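Peer 1: Build the 3D model from these lines:
(one chain, ligands or ions: 1)
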Amino acid sequence: MNPKKDNQIRLHDFKPGHERFRAEILSGLSKGQKELPSKYFYDEQGSQLFKRICSLDEYYIPHTEAAIMKTHVQEMVELLGRRVLLIEYGSGDCTKTRILLDYLDDIAAFVPIDISREQLLHVTKELAVDYPGLEVLPVCADYTSGFELPAPKRLSVRVVVYFPGSTIGNFDPIPAKLFLEHIASVCGPGGGLLIGVDLKKDPVVLHRAYNDSQSVTAAFNLNLLERINRELNCDFRLDWFEHYAFYNPREGRVEMHLVSLRDQTVHLDNVAIPFAPGESIWTESSYKYNLYEFEQMAAAAGFRVEQVWTDERQWFSVQYLVNMTEATS
Ligand code: AVJ
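Peer 2: Model prediction:
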């Protein structure tokens, strides 16, 4: 680890390096069904595009989740209890976290974890201004691989992980369960997980959410190719690929792809990557759950569902899970 100083902010930096990025891109593009990891959407440009997606009416997740949080924040904060060490996975711009922070008056510390270093530094500065006295310990990491938690100054009674936005939906079922197990080990016996889980619903609603009328989602998807061109020695032509997103009811997920519009060869350094017309790069999955399915997966990872809050349309859920594994001494 190499803590870096940026205007007094001590950032714990585990960000995957250039070599790792290149290796993951190359291995994804070498598969039969080509794929790219969705975590790489969030460079500076990508984070901005995602922020724009979040302001769209059609992308119902942020406003629905924020409304659930605002309606039930008192109850949530009561479940988290006093002296909680709050860790957020994929903190982004922390809009929803602020709803909690406004009510958590005896919090031990807040640890935002994000892959976007720029955004993390920015948000840490803002929180320092708006919540004086709150210890913020930012960690820059791809939270799907390893990182160490920084040590807060205040003792905590309980560790709670906050994982909003239905980012859990980006994981395939087996990795999703493994990731919940990882979270269980981070929060420890008696610890909690406050998680946003998107629910199964009318596929037409899902289709609109990932095919918005202003094509912001398309730009977000295509930006991944632009980023690869910029950061690696690569020559994707963005006008020769098209955003394609659809709900796959059999798998219970929205799939995002970039489809090649013609026969073409892309180069990454000296590696030639051929594309047939209509061939796709699979860039993201967003799994949707029903409450029972999610409860089953949580139980398999050692969590009991303590409380579920939803909106009146039952489009989204925020859930508080408790780690049921026994303490080992
Ligand atoms: C932030 C991963 C939850 O899958 O809905 C939004 C990302 N992709 N529009 C999602 C996303 C296309 C989003 N998550």
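Peer 1: so how far is the ligand from A151?
Peer 2: 29 Å (C-beta to the nearest ligand atom, to the nearest Å). Bear in mind the C-beta positions are built from the backbone N, C-alpha and C, glycine included.
Peer 1: now L134
Peer 2: From L134 to the ligand the distance is 25 Å (C-beta to the nearest ligand atom).
Peer 1: Setting aside sequence-adjacent positions, which residue approaches that residue most closely?
Peer 2: What sits nearest to L134 in space, not counting adjacent residues and going by C-beta to C-beta, 6 or more residues apart in numbering, is F110, at 6.0 Å.
Peer 1: In contact with the one you found, which residues?
Peer 2: L86, I87, E88, T97, L101, L127, L134, E135, V136, L137 (C-beta atoms under 8 Å, 6 or more residues apart in numbering).
Peer 1: hang on, it is in a strand, isn't it?
Peer 2: Yes. Applying DSSP: H, G, I helix; E, B strand; the rest coil, one finds F110 inside a strand.
Peer 1: who's it bridged to?
Peer 2: Beta-bridge partners for F110, by DSSP bridges, are L86, V136.
Peer 1: so how far is S30 from it?
Peer 2: Shown here: F110 relative to S30, a distance of 40 Å by C-beta to C-beta, to the nearest Å.
Peer 1: cool, and L120?
Peer 2: Distance from L120 to S30, by C-beta to C-beta: 31 Å.
Peer 1: Give me the more crowded residue out of those two.
Peer 2: Neighbours were counted for L120 and for S30 using other C-beta atoms under 10 Å; L120 has more, 26 against 12.
Peer 1: Run through the residues that contact the nearest residue to I195 once chain neighbours are set aside.
Peer 2: Counting by C-beta to C-beta, 6+ apart, F163 is the residue found nearest to I195 once chain neighbours are left out, at 4.6 Å. The contact partners of F163, by C-beta under 8 Å, 6+ apart, come to E88, Y89, G90, I183, L193, L194, I195, G196.
Peer 1: which helix in the chain runs the most residues?
Peer 2: Scanning the chain for the longest helix, with DSSP state H as the assignment, gives helix 61-80.
Peer 1: For the closest residue to E242 other than its chain neighbours, name its beta-bridge partners.
Peer 2: Counting by C-beta to C-beta, 6+ apart, E242 lies nearest to V259, which is 5.0 Å off, once chain neighbours are set aside. Applying DSSP bridges to V259 gives these bridge partners: E242, S280.
Peer 1: how many neighbours does V259 have?
Peer 2: 15.
Peer 1: do you know how far it is from G190?
Peer 2: 48 Å.
Peer 1: for I174, same thing?
Peer 2: I174 is 26 Å from G190, by C-beta to C-beta.
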